[in-house]
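Enquirer: quick check, what structure comes out for this input:
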Amino acid sequence: MRFPRLHRFARNPWVQDVALVSPLVIGSLFAVGVAYSLPQVDRVAPLLLLVSVLPLVWRRRYPLTVAGFVLGLDAAVPVLIESGVFLGITSLIALYTVGRHRAGKSVLLTGLAAGTAYSISGLITQYDPAMAASAIAPTLTGFAGPFLGLGLGQFVRLRRELKERRQREMRDEAIHGERRRIARELHDVVAHHLSVINALVGGARTVLPPESVPAREALEAAESSARQALSEMRQLLQVLRADTADGPDAATGVGASRLPELVEQSGNASLRVDGEPVPLPTAVDHAVYRVVQEALTNSRKHAPGSRAGVRVAYLSRAVEVEVLDDGSPVRTVGGGSGFGLGGMAERVALCGGRLETGPRARGGFRVYALLPLETT
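Expert: Prediction:
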């Protein structure tokens, strides 16, 4: 698109309605001018046409109100100026708008009300008591015109909905295909390497001499972490392979209830819970766990040997998560990817919360997240 701003401007509904009504207003003003400049020319019809055109600017915002005003005025014109019934362009536009933007009973009732009004107007102006058959034509045309306009709007609406449904299905299928592809890659590459690491660590632990207690404990911790990573990887693969899921943590079972286990496994942290624990929304529950997990991981990676304190506070309408460590960051090989804090921020933002991270004044690092329990 060479002119994106012009394209967006042209697609604005208000701009489109003004562009539609402007020629009708100009034509009505011209008709009014001609009517008042020539003698013995009807002046009521051009004025009524102008009055019925102006409300069409608000046809999308108030389709039923605009249709009621325009149709009532159009049905009354033949009686007021003693001419035949004619379903004008303004009435067709109003009826089309109702069919395009409304569905169900409102469309049916609009058609019946408009058909009744036009039929009565036609009978008043065209019915001949001497000919009973003269009532058939105005009745049929009175109902045919409104339902034609409504039917056209319904057809366009249903066609648009079917197109959007096909696009949504294609998009969902593409997403599911990509998720299945990622699941295959994770299974074939990451899970395989984790299994190899687990086996190598276990083998190294078995050949250590009995006096190497610190090394043995470190290898046991690494082996336990590898097993846990494999377990969560398998659960994550189930989520990715599923057609519907509530998110990447849906089947992993992580949440605030597992924080004591997470803190104990870290080996360098303590947990404090303030307030009465309450069931948390799924997204918030997962976010609490992942924030603490990532903060403790960063603490072990960037400040080895430091101690960390985890505080979870249950407030009336939110939950607070704070992780403080007392270590000084050290330079690590490779410098890290930097995706941990970004992913943490994304999780908190999706819950409508606030995340604060940064060094502490007295040394160490602070991670603070405030997650609302209810989104407004």
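Enquirer: pLDDT weak spots in the stretch 201-350 of the chain?
Expert: Residues of the stretch 201-350 of the chain meeting the criterion pLDDT under 70: 235, 237-253, 328-340.
Enquirer: now the strands: where do they sit in the stretch 151-300 of the chain?
Expert: With DSSP state E, counting those that start in this stretch, the ranges of strands along the stretch 151-300 of the chain come out as 269-274.
Enquirer: between the two ends of stretch 354-363, how far is it?
Expert: 23 Å (CA to CA, to the nearest Å).
Enquirer: I meant to write stretch 300-312 there.
Expert: With CA to CA, one end of stretch 300-312 sits 20 Å from the other.
Enquirer: would you mind pulling the contact partners of it?
Expert: Residues outside stretch 300-312 that contact it (CB atoms under 8 Å, 6 or more residues apart in numbering) are 256, 259, 263, 266, 268-274, 288, 292, 295-296, 299, 319-330, 332, 336, 364-365. Quick note: C-beta positions are derived from backbone N, CA and C, even for glycine.
Enquirer: could you flag which of those are buried?
Expert: Buried members of the contacts of stretch 300-312, scored by 16 or more other CB atoms under 10 Å, are 256, 259, 263, 266, 268-269, 271, 288, 292, 295-296, 299, 319-327, 329, 364-365.
Enquirer: among the contacts of stretch 300-312, which ones are in helices?
Expert: Judged by DSSP state H, these include Leu259, Val263, Ser266, Val288, Val292, Ala295, Leu296, Ser299 as members of helices.
Enquirer: pick out whichever of the residues you listed sits closest to Val32.
Expert: Taking CB to CB as the measure, Val288 is the one of those closest to Val32, at 68.8 Å.
Enquirer: list the buried residues in stretch 60-67.
Expert: Buried residues in stretch 60-67, counting neighbours by 16+ other CB under 10 Å, are found at Pro63, Leu64, Val66, Ala67.
Enquirer: closest to Arg179 among these?
Expert: Checking these against Arg179 with CB to CB, the nearest one is Pro63 at 40.3 Å.
Enquirer: surely the closest one and Arg102 touch.
Expert: Yes - using CB atoms under 8 Å, Pro63 is in contact with Arg102, at 6.1 Å.
Enquirer: any idea which helix is longest in this protein?
Expert: Determined from DSSP H, the single longest helix within the chain is helix 136-185.
Enquirer: which residue comes closest to Phe69 once chain neighbours are left out?
Expert: Among residues not flanking Phe69 along the chain, Pro55 sits closest, at 5.6 Å (CB to CB, 6 or more residues apart in numbering).
Enquirer: that neighbour falls within a strand, correct?
Expert: No - counting by DSSP: H, G, I helix; E, B strand; the rest coil, Pro55 is located in no strand; its state is helix.
Enquirer: so that it lines up with my notes, have the first residue be 59 from now on.
Expert: Happy to do that; since the first residue is 59 now, the last one works out to Pro113.
Enquirer: quick one, what contacts it?
Expert: The neighbours of Pro113, taking CB under 8 Å, 6+ apart as the test, are Val124, Phe127, Val128.
Enquirer: any idea how many residues pack against the last one?
Expert: The one in question is Val128. Each residue near Val128 was counted by other CB atoms under 10 Å, and the total is 26.
Enquirer: quick one: the helix or strand where it lies to helix 194-243, angle?
Expert: Assigned by DSSP states H and E, Val128 belongs to helix 121-139. On the basis of axes from the mean of the first three to the mean of the last three CA atoms, to 10 degrees, helix 121-139 is oriented at 160 degrees to helix 194-243.
Enquirer: and the contacts of helix 121-139?
Expert: 100, 102-103, 106, 109-110, 113-114, 116-117, 141-146, 148-149, 152-153, 155-156, 159-160, 164, 168, 171-172, 175-176, 178-180, 182-183, 204.
Enquirer: one more time with 7 Å, if that's ok
Expert: Helix 121-139 is contacted by residues 100, 102-103, 106, 109-110, 113-114, 116-117, 142-143, 145-146, 148-149, 152-153, 155-156, 159-160, 164, 168, 172, 175-176, 179, 182-183 when judged by CB atoms under 7 Å, 6 or more residues apart in numbering.
Enquirer: most remote residue from this structure's center?
Expert: Ala188 (63.2 Å; CA atoms, centre = their mean).
Enquirer: for the helix or strand containing Ala171, the distance to its chain's centre please.
Expert: Remark: Ala171 resides in helix 163-184, with elements defined by DSSP H and E. In this view, helix 163-184 has its centroid 40 Å away from the chain centroid, taken as CA atoms, centre = their mean, to the nearest Å.
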